[in-house]
Structures are given as structure tokens and as C-alpha cells.
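Chemist: coords please:
(one chain, ligands or ions: 2)
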Amino acid sequence: MQVTVEVFRYDPDTDESRFDTFVREVDPKDRVLDVMMAIKDEEDGTIAFRKSCAHGVCGSCAMEINGLNCLACQVLIQDLKSKRIRIRPIKGMKVLRDLIVDMEAFFAGLEKVKPYFIPGEPAPATEYHQSVKDRAIFDETTKCIMCGSCTTSCPSFRWFNREFIGPAAFVKAHRFIFDSRDGGNEERLGVLDDKNGLWRCHSIYNCTDACPREIDITKAIGDLKRYVVIHR
Ligand code: SF4
Ligand code: FES
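Modeler: Ligands and ions are numbered 1, 2, ... in the order given. The predicted model follows:
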């Protein structure tokens, strides 16, 4: 089948942006990343975008495809149900070049919730034990690949306030706050209960819709809101 691919271009040297159009013969089962790679290899080697694993694991190929944040390596052409494919950088971040954005604000939000294990006190004499039931509580939020699709589809972040730590940070906070072995919840509570924390979330569900790992982010945020109300 033939598709028309419109790719956002931005040149930081001239500060000019435009869409470049490519007409391609593709297989309906091609992924958008395959098409992007073919365009880069065969038509315009100057197009800049991030990708690494090509299998939905590294999170680097997040882009806006026909208006929705997705991983380019996960979306099949046939699933777009359109012969016109418009590709833009994920919104809310400074564009560095073409589809590459500055992820600094995103990672700054993640860092604030201390997205790593903080040992509980007192430390056990041998290993930390955890039941299967306790592990299941945060199983879903271990699946985040930090692609940024959720945070950059959230209007609270994208349009109003980039100090808002955003849904991905809440997913990371959930993963550690509900880990029975972790002892760092006091340190995370203040960040979550801050003016740029949980209460800027208005349960719009954009984040949940955008997540390529199908994490129920809005539910995780609800779990955190309850936790904060009970423990603050
Ligand atoms: S929660 Fe989902 S959308 Fe958000 S950063 Fe993680 S994988 Fe990406
Ligand atoms: S290239 Fe790694 S997630 Fe798409």
C-alpha cells in the first residue's frame, strides 16, 4: 500500500520548522519505525530521531503519530487506519532537532520521587523477604520504560506547568512506595503532596491512554492519592 508520511523538521541553527512529505510503498505490517528508517536510509539521511531497541523496551522512540503519543517501533501502519501519517516530536518538551526533544524536565520530575530502592530500617540479618501477594501490589508499575509518552500527553504538564512532576514520576513513586521492603516513603511523601505533585492530576486519563506498556497510570495515581491522604 502507498502512504504519505509527513515528518516534522526543526533546524536549531536557523530556528525554522516545517513538515517534509515522503510518499512510500509500505507493507501494512511495517512498523512506523521501519518506515522512518527506510526514509532515513533511502531518501533523507539528515532526519533526526531517537531509537535503539526497536522492540518496545528502551523507550527512546516515543513520538506523536497522528496526534497520539506512541512508540514508533510498536505501531503498525495497518493500525493507523489512515494513508496519511503525520509524525511530530512529543509535545511539551523543547525540540532539539526534528523529532528529538530535550528530556531534562521529564527526568527531573522522576528524580524528585527518588526512583530507587531505599533500604528499610532495621536491615534484615539476611535477605529482604517479600510475599508473592505483596509483590503483586506494585507489579504493574515495574513495567515503566520511561518513554515519556504519559507525561507529555498530560495537559497539566504540557500546557500549564513543567514543574509538575508528571505521571511517569507517579508511576515510579508507586513502584517503590508500595514495595514492602522499601523504607523511603517519608522522603517521597513531601514531593507527592507538594503543589507540583499529585494534586495537579485531574484524572483526565490521557496518560493511561498513551502508555505503550498499558500501565493503568490513573489507577496508580489514585492509589498514591489515598496513601498520601492517610499518611501525611
Ligand atoms: S508509565 Fe508508560 S507512558 Fe509513562 S513513561 Fe512509563 S512506559 Fe512511558
Ligand atoms: S526503539 Fe526502543 S522502544 Fe522503540
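
Chemist: So which elements touch the longest helix seen in the chain?
Modeler: As assigned by DSSP state H, the longest helix anywhere in the chain is helix 217-231. When contacts are defined as 3 or more CB pairs under 8 Å, 6 or more residues apart in numbering; DSSP states H and E, helix 217-231 packs onto helix 166-177, helix 185-192, helix 206-210. For glycine as for every other residue, the C-beta is placed from the backbone atoms N, C-alpha and C.

Chemist: out of those, deepest packed?
Modeler: For the helices and strands packed on helix 217-231, the largest average neighbour count (mean count of other CB atoms under 10 Å) is found in helix 166-177, namely a mean of 28.

Chemist: touching ligand 1 at all, that one?
Modeler: Yes - counting by CB under 6 Å from any ligand atom, ligand 1 is contacted by helix 166-177 at 167-168, 171.

Chemist: same question for stretch 19-28, mean pLDDT?
Modeler: Averaged over stretch 19-28, pLDDT sits at 98.

Chemist: can you pull the contacts of the spatially most central residue of the chain?
Modeler: Among the residues of the chain, the one closest to the centroid is residue 148, at 2.2 Å (CA atoms, centre = their mean). Counting by CB atoms under 8 Å, 6 or more residues apart in numbering, residue 148 touches 59, 62, 90, 93, 103, 106, 168.

Chemist: Strands - which of those residues land there?
Modeler: The strands, defined by DSSP state E, take in residue 62 from the contacts of residue 148.

Chemist: Quick check: of the contacts of residue 148, which lies closest to ligand 1?
Modeler: Closest to ligand 1 out of the contacts of residue 148 is residue 168 (3.8 Å), distances taken as CB to the nearest ligand atom.

Chemist: what sits against that closest one?
Modeler: Contacts for residue 168 (CB under 8 Å, 6+ apart) come out as 106, 109-110, 144, 146, 148, 150-151.

Chemist: Please dump these into TSV; it should also carry secondary structure, distance to ligand 1 and pLDDT for every row.
Modeler: Shown next, in TSV, are the contacts of residue 168 (DSSP: H, G, I helix; E, B strand; the rest coil; distance: CB to the nearest ligand atom, whole Å; pLDDT from 0 to 100):
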residue	secondary structure	distance to ligand 1	pLDDT
106	helix	8	93
109	helix	10	93
110	helix	9	95
144	coil	3	98
146	coil	5	97
148	coil	6	97
150	coil	3	97
151	helix	6	96
